[in-house]
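Peer 1: Here is my input; please provide its structure:
(one chain, ligands or ions: 2)
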Amino acid sequence: MMLEVLPAEFKDATPLITALEKAGFEAYFVGGSVRDALLGKRIHDVDIATSAYPEEVKQIFKRTVDVGIEHGTVLVLYEAGQYEVTTFRTESTYQDYRRPDEVTFVRSLAEDLKRRDFTINALAMNCQGEIVDLFQGIADLEDGVIKAVGDASERFNEDALRMLRALRFASQLGFRIEGKTFDAIVEHHRLLAKISIERIQIEFVKLMLGTHRRNGLEPFKISTCYQHCPGFQEKATELRRLIELPEQPMTSEAMVWLVTFYCLEIPEKDWRLLLSQWKLSNQMIKVVIDSLKGLTYRLAHSWTADWLYELGAEKVRLIEESLLYFGQEPQVAAALAMYEALRIHSIQELAVNGQDLLKATDLKPGPWVGRCLGAMEKAVINNSLANDRASLLAYAERLLAESTDEKKEGDNDLS
Ligand SMILES: Nc1ccn([C@@H]2O[C@H](COP(=O)(O)OP(=O)(O)OP(=O)(O)O)[C@@H](O)[C@H]2O)c(=O)n1
Ligand SMILES: [Mg+2]
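Peer 2: Ligands and ions are numbered 1, 2, ... in the order given. Below is the predicted model of the structure:
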């Protein structure tokens, strides 16, 4: 079988293959790029496998970086691109189910392809576009099947993450998981306990962003792989709801966490702990928690100026877009227009600042400054106060006077 028209990404990398061949080695395009090219999908990172050992690769190319030399990978910088060039290898023993104890470099492509995860990922292609297909990977691509290379149990014992990879490819490609491969996932799902949550997170997000989410989520539930995800353990019933969400693809990682946590009815008190157990960045945790609060509000009410201001445009858009998963019509443009129409979008946009207040009142600095600015901010957002210097300072004067009156009555609020 031939790929008749080589996509540009391969053409750009062809001189690397030619250089390796000229030096007497074999070299092929391998992995996801070959799979995606055959499916007519956009390809990203073109990977190369070769019979040359890492030291030999480094002698052939001028600009290289040792990115994973112990695993046989050298990064070759060539023109505007960078390419992972990996020596053919077998990974014999995996005692901890995640990393090979030792990598054995081999000179044979067949040995290398044999230890890859799925038949659709075990294809190699030379620079003429000729495909090497030792495990009926092309037939499985045509039939839409994810099938382990050789014995599925062996492949999952080598790297347990491959079980989640099977589910995410099902979601990304709309493929089904072949029977024996699925049985092996059911049998070995407990090996996922050995896998770092960072790696699990990457696969879960890819699964949720896939265009055939249900295809991945169904086996995720049935195989009980979900048991290895923070916060999902007791959520079999809620997981069904996640599976049955409208099929529209999710557009961002933040959307994945927002919709998942909402659907699984994770209690608010657990949000922060679980999101950090998932190893999300602090910035992402904040976006998700704020959006979960906003979504809970929005599902029962219309937006108010206070909510729009607090959340900001990015989260308002996210929440509004997520409504489609909960039986409501998103009103993204209207919500963003309301947000834009707010008189200010941050406290810095108030026509006076703390220094101005101190100067105008001749009072000592203290917590009253922040409280006064906060009250002005709220009044401006709600259109009960104009954002100009005179109006703001007059408002401050009134507030201070009121608080002094209250102080006389023993209730100290502002100052
Ligand atoms: N646990 C793994 C990870 C990767 N691979 C092999 O290494 C290739 C490249 O891995 P990776 O880039 O992680 O996956 P891709 O299949 O390329 O998918 P993606 O499009 O997400 O990059 C895979 O195709 C597969 O042949 C494997 O056998 N087992
Ligand atoms: Mg890849």
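Peer 1: Every contact and neighbour count from this point should use C-alpha atoms.
Peer 2: Fine.
Peer 1: Is residue 77 within a helix or a strand, and which one?
Peer 2: Here residue 77, judged by DSSP states H and E, is contained in strand 73-78.
Peer 1: Could you report the neighbour count for the residue lying closest to residue 184 once chain neighbours are set aside?
Peer 2: Spatially, and ignoring its direct neighbours in sequence, residue 184 is nearest to residue 153 (5.5 Å; Cα to Cα, 6 or more residues apart in numbering). Applying the criterion other Cα atoms under 10 Å, we find 19 residues in the vicinity of residue 153.
Peer 1: By mean pLDDT, which helix or strand of the protein comes out lowest?
Peer 2: strand 89-91 (a mean of 84; mean pLDDT, DSSP states H and E).
Peer 1: Describe which strands that one pairs with in its sheet and in which direction.
Peer 2: The strands that strand 89-91 pairs with in its sheet are strand 103-105 (antiparallel) (by DSSP bridges).
Peer 1: Let me know the distance separating residue 18 from residue 134.
Peer 2: Here residue 18 is placed at a distance of 23 Å from residue 134 (Cα to Cα, to the nearest Å).
Peer 1: Close to ligand 1: what parts of this structure are there?
Peer 2: 31-32, 116-117, 121-122, 159, 162 (Cα under 6 Å from any ligand atom).
Peer 1: what does stretch 67-81 rub up against?
Peer 2: For stretch 67-81, contacts defined as Cα atoms under 8 Å, 6 or more residues apart in numbering pick out 13, 16, 53-54, 57-58, 61, 63-66, 82-89, 103, 105.
Peer 1: what about it, average pLDDT?
Peer 2: Computed over stretch 67-81, the mean pLDDT rounds to 93.
Peer 1: before we move on, the earlier item: centre of the chain versus the strand holding residue 77, how much separation?
Peer 2: Offset of strand 73-78 from its chain centre (Cα atoms, centre = their mean, to the nearest Å): 26 Å.
Peer 1: Same question for stretch 11-26.
Peer 2: On Cα atoms, centre = their mean, the centre of stretch 11-26 falls 34 Å from that of its chain.
Peer 1: what comes up buried for that stretch?
Peer 2: Of the residues in stretch 11-26, 13-14, 16-18, 20-21, 25-26 count as buried by neighbour count, 16 or more other Cα atoms under 10 Å.
Peer 1: Of these, which pair is most distant in space?
Peer 2: Longest distance between any two of the buried residues of stretch 11-26 is 16.0 Å, between 13 and 25; criterion Cα to Cα.
Peer 1: Top of the residues of the chain next to ligand 1 by number of neighbours, please.
Peer 2: The residue in those with the most neighbours, by other Cα under 10 Å, is residue 122 (27 neighbours).
Peer 1: Thought residue 135 was touching that residue, still the case?
Peer 2: Yes: look at residue 122 against residue 135 with Cα atoms under 8 Å: they come within range, at 7.4 Å.
Peer 1: Check the contact lists of those two and give me the overlap.
Peer 2: Counting by Cα under 8 Å, 6+ apart, the shared contacts of residue 122 and residue 135 are residue 149.
Peer 1: give the contact list for the closest residue to ligand 1 within the stretch 151-300 of the chain.
Peer 2: Nearest to ligand 1 in the stretch 151-300 of the chain, going by Cα to the nearest ligand atom, is residue 162, at a distance of 5.0 Å. By Cα under 8 Å, 6+ apart, residue 162 lies in contact with 117, 155-156.
Peer 1: In helices only, show me those.
Peer 2: Judged by DSSP state H, these include 155-156 as members of helices.
Peer 1: how far out from the middle of the chain is stretch 80-93?
Peer 2: The chain centroid and the centroid of stretch 80-93 are separated by 24 Å under Cα atoms, centre = their mean.
Peer 1: got the buried residues for it?
Peer 2: Those would be 82-91, for stretch 80-93 by 16+ other Cα under 10 Å.
Peer 1: cool, and stretch 191-201?
Peer 2: Using 16+ other Cα under 10 Å as the test for burial, stretch 191-201 gives 191-193, 195, 197, 200-201.
Peer 1: Likewise for stretch 389-407?
Peer 2: Taking 16+ other Cα under 10 Å as the criterion, stretch 389-407 shows 392-393, 395-397, 399-400, 403-404 as buried.
Peer 1: What of stretch 213-221?
Peer 2: Of all the residues in stretch 213-221, those buried under the rule 16+ other Cα under 10 Å are 213-221.
Peer 1: if we look at it, which residues are touching it?
Peer 2: For stretch 213-221, using Cα under 8 Å, 6+ apart, the contacting residues are 164, 167-172, 174-176, 207, 226, 236, 239, 243-244, 247, 249.
Peer 1: Please export the C-alpha coordinates of stretch 283-299 as PDB.
Peer 2: In PDB, the C-alpha atoms belonging to stretch 283-299 read as follows (Å, rounded to 0.1, in the frame of the first residue of the first chain):
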ATOM      1  CA  GLN A 283      -4.600  28.900  37.100                       C
ATOM      2  CA  MET A 284      -6.800  26.200  35.600                       C
ATOM      3  CA  ILE A 285      -8.100  25.300  39.100                       C
ATOM      4  CA  LYS A 286      -9.200  28.900  39.600                       C
ATOM      5  CA  VAL A 287     -10.900  29.000  36.200                       C
ATOM      6  CA  VAL A 288     -12.800  25.800  36.900                       C
ATOM      7  CA  ILE A 289     -13.900  26.600  40.400                       C
ATOM      8  CA  ASP A 290     -15.100  30.100  39.500                       C
ATOM      9  CA  SER A 291     -16.900  28.700  36.500                       C
ATOM     10  CA  LEU A 292     -18.500  25.900  38.500                       C
ATOM     11  CA  LYS A 293     -19.900  28.600  40.800                       C
ATOM     12  CA  GLY A 294     -21.000  30.700  37.900                       C
ATOM     13  CA  LEU A 295     -22.600  27.800  36.100                       C
ATOM     14  CA  THR A 296     -24.600  26.800  39.200                       C
ATOM     15  CA  TYR A 297     -25.900  30.300  39.400                       C
ATOM     16  CA  ARG A 298     -26.500  30.700  35.600                       C
ATOM     17  CA  LEU A 299     -28.600  27.500  35.400                       C
END
